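Novice: model this:
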Amino acid sequence: MNVTFGSEAMPDIDRITGRRRMRRNRRTDWSRRLIRENLLTVDDLIWPIFVIEGEGQRHKVPSMPGVERLSVDAAVAAAVHARELGIPLLALFPNTEPDKRDDDGSEALNEDNLICRACRAIKAAVPEVGLMTDVALDPYTSHGHDGLLREGEIINDETVSVLTRQAIVQADAGSDVVAPSDMMDGRIGAIRETLDASGHAQVQIIAYTAKYASAFYGPFRDAVGSGKMLSGDKKTYQMDPANTDESLREAELDIAEGADMIMVKPGLPYLDIIFRLKQTFGMPTVAYNTSGEYAMIEAAAANGWLDGERAMLESLIAFKRAGADSILTYFAPRAAALLKEGA
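Specialist: Okay, here's the model as predicted:
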């Protein structure tokens with residue numbers, strides 16, 4: 001029946017909706033929690049840390065407010081904090097001094113390089129926190145590319161040979177997870193085979209499976225010191241942002257070659273890719289919440305244009321909703337602290 005109010009008849013909403021009132025479940029906090037479909041926890045977080053030379057050093061990254069480059073001793077302190085927060089995995093990225101960079105990225109194979117020293121120090125102090133290291137040459141090359149550059153071209157197979165040795169150096173130093181971010185063809189299988197043959201069968205591989213040639217990496221390149229060094233672009237080996245089916249082929253190859261987990265980078269602009277890969281393969285899937293995504297939220301929050309904490313948590317739950325099992329994010333320590341408080 002309709003109820004007359006003034007000259008207008010009000011519709012019988014219960015009859016129209018079949019007595020289904022969606023707002024009943026949203027009315028109270030306990031009810032919203034009871035039916036929540038996706039949950040973000042500290043266990044989902046991977047904390048990326050930039051490492052620099054020196055002692056007692058903490059250098060702010062201007063394009064990433066709240067993020068610092070840390071000397072090894074400060075990185076150890078961060079690892080202790082990660083343990084206190086319950087963050088399971090740290091991802092280490094080096095800021096290599098210019099005088100240690102060369103065309104072939106030879107510092108990547110130095111058993112006493114910055115990342116190896118950081119791995120050993122953190123593992124000695126906080127062995128229960130996992131360590132992930134980046135397998136790629138761009139932090140070590142003078143031209144800023146992820147591979148060997150010959151006559152203007154990144155050469156694939158010769159680069160893979162170097163990457164396998166880099167992975168061994170990192171595993172020897174205590175890395176629990178090597179993460180090839182270079183996007184060379186065949187590198188997952190070659191690294192898996194080399195790790196197994198060298199006594200590191202327990203070391204996991206997170207493959208940067210769908211890594212796009214994106215504009216969202218700028219602040220990261222500033223943080224590791226490769227931004228001004230980069231000659232040209234990375235479009236010949238990173239993926240075209242217009243492609244989705246290609247990510248399925250990349251994932252199929254990485255899984256067949258022995259990847260333990262697959263990663264999508266960037267994260268927020270590529271939620272559809274995370275969803276497709278998880279739905280198709282059911283593999284442990286990592287979202288990389290990139291430096292550019294972080295910087296956008298921080299800049300908007302600093303200008304009072306949005307609530308930074310709410311936007312941070314909302315963006316992280318979006319990854320879970322899309323199907324990600326874990327999230328590499330610069331928000332990790334702040335998000336972990338809020339989650340422990342029951343945010």
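Novice: What is the burial count for residue 317?
Specialist: When neighbours are defined as other C-beta atoms under 10 Å, residue 317 has 17 of them. C-beta: built from backbone N, CA, C; applies to glycine.
Novice: my bad, residue 181
Specialist: Other residues close to residue 181 by other C-beta under 10 Å number 21.
Novice: Surely it touches residue 137?
Specialist: No. With contact defined as C-beta atoms under 8 Å, residue 181 does not reach residue 137; the gap is 10.0 Å.
Novice: what do these two both touch?
Specialist: residue 146 (C-beta atoms under 8 Å, 6 or more residues apart in numbering).
Novice: what about the helices in the stretch 51-200 of the chain?
Specialist: Assigned by DSSP state H, counting those that start in this stretch, the helices in the stretch 51-200 of the chain fall at 72-85, 114-125, 156-173, 187-197.
Novice: Next, format these as TSV and append distance to residue 92 and mean neighbour count.
Specialist: Formatted as TSV, the helices of the stretch 51-200 of the chain follow (distance: least, C-beta to C-beta, whole Å; neighbours: other C-beta atoms under 10 Å):
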stretch	distance to residue 92	mean neighbour count
helix 72-85	7	19
helix 114-125	6	21
helix 156-173	9	21
helix 187-197	17	20
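Novice: What is the three-state secondary structure of residue 233?
Specialist: Here residue 233 is coil, with the state taken from DSSP: H, G, I helix; E, B strand; the rest coil.
Novice: Show residues contacting stretch 29-42.
Specialist: Taking C-beta under 8 Å, 6+ apart as the rule, stretch 29-42 contacts 24-26, 85-88, 313, 316-317, 320-321, 335-336, 339-340.
Novice: end-to-end on that stretch?
Specialist: End-to-end distance for stretch 29-42, by C-alpha to C-alpha, to the nearest Å: 21 Å.
Novice: What count of nearby residues applies to the residue nearest to residue 45 when sequence neighbours are not counted?
Specialist: Excluding the flanking residues, the one nearest residue 45 by C-beta to C-beta, 6 or more residues apart in numbering is residue 332, at 4.3 Å. Residue 332 is flanked by 25 other residues according to other C-beta under 10 Å.
Novice: Mind pulling the model confidence for residue 332?
Specialist: The per-residue pLDDT reported for residue 332 equals 98.
Novice: again, but for residue 262
Specialist: So, for residue 262, pLDDT stands at 98.
Novice: same thing with residue 81?
Specialist: 98.
Novice: can you pull the contacts of it?
Specialist: residue 333.
Novice: Residue 210 - that's part of a strand, no?
Specialist: Yes. Under three-state DSSP, residue 210 falls within a strand.
Novice: where's the closest residue to it other than its chain neighbours relative to residue 277, distance?
Specialist: Computed as C-beta to C-beta, 6+ apart, the closest residue to residue 210 that is not its neighbour in sequence is residue 247, at 4.0 Å. Separation of residue 247 from residue 277 (C-beta to C-beta, to the nearest Å) stands at 6 Å.
Novice: neighbour count winner among the two?
Specialist: residue 277 (28 against 23).
Novice: just checking, residue 70 touches residue 53?
Specialist: No. Using C-beta under 8 Å, residue 70 is not in contact with residue 53; the gap is 10.8 Å.
Novice: all strands of the stretch 201-343 of the chain, in order?
Specialist: Here the stretch 201-343 of the chain has its strands, by DSSP state E, counting those that start in this stretch, at 204-211, 261-265, 285-289, 326-329.
Novice: Pull up the pairing partners for the last one, direction included.
Specialist: Spelled out, that is strand 326-329. When pairing is defined by DSSP bridges, strand 326-329 lines up against strand 45-52 (parallel), strand 285-289 (parallel).
Novice: Outside of that strand itself, list whatever touches it.
Specialist: By C-beta under 8 Å, 6+ apart, strand 326-329 touches 44-48, 89, 91, 261, 263, 267, 284-289, 294, 316, 319-320, 335.
Novice: Need the CA coordinates for that strand. PDB is fine.
Specialist: The C-alpha coordinates for strand 326-329 follow below in PDB (Å, rounded to 0.1, in the frame of the first residue of the first chain):
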ATOM      1  CA  SER A 326      50.100  -9.500   0.700                       C
ATOM      2  CA  ILE A 327      51.000  -5.900   0.100                       C
ATOM      3  CA  LEU A 328      54.400  -4.300  -0.300                       C
ATOM      4  CA  THR A 329      53.800  -0.700   0.900                       C
END
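Novice: from the chain's centre, how far out does it sit?
Specialist: Distance of strand 326-329 from its chain centroid, counting by C-alpha atoms, centre = their mean, to the nearest Å, is 5 Å.
Novice: ditto for the third one
Specialist: Per C-alpha atoms, centre = their mean, the displacement of strand 285-289 from the mean C-alpha position of its chain is 5 Å.
Novice: tell me the angle it makes with strand 261-265.
Specialist: Here strand 285-289 points in a direction 30 degrees away from that of strand 261-265 (axes from the mean of the first three to the mean of the last three C-alpha atoms, to 10 degrees).
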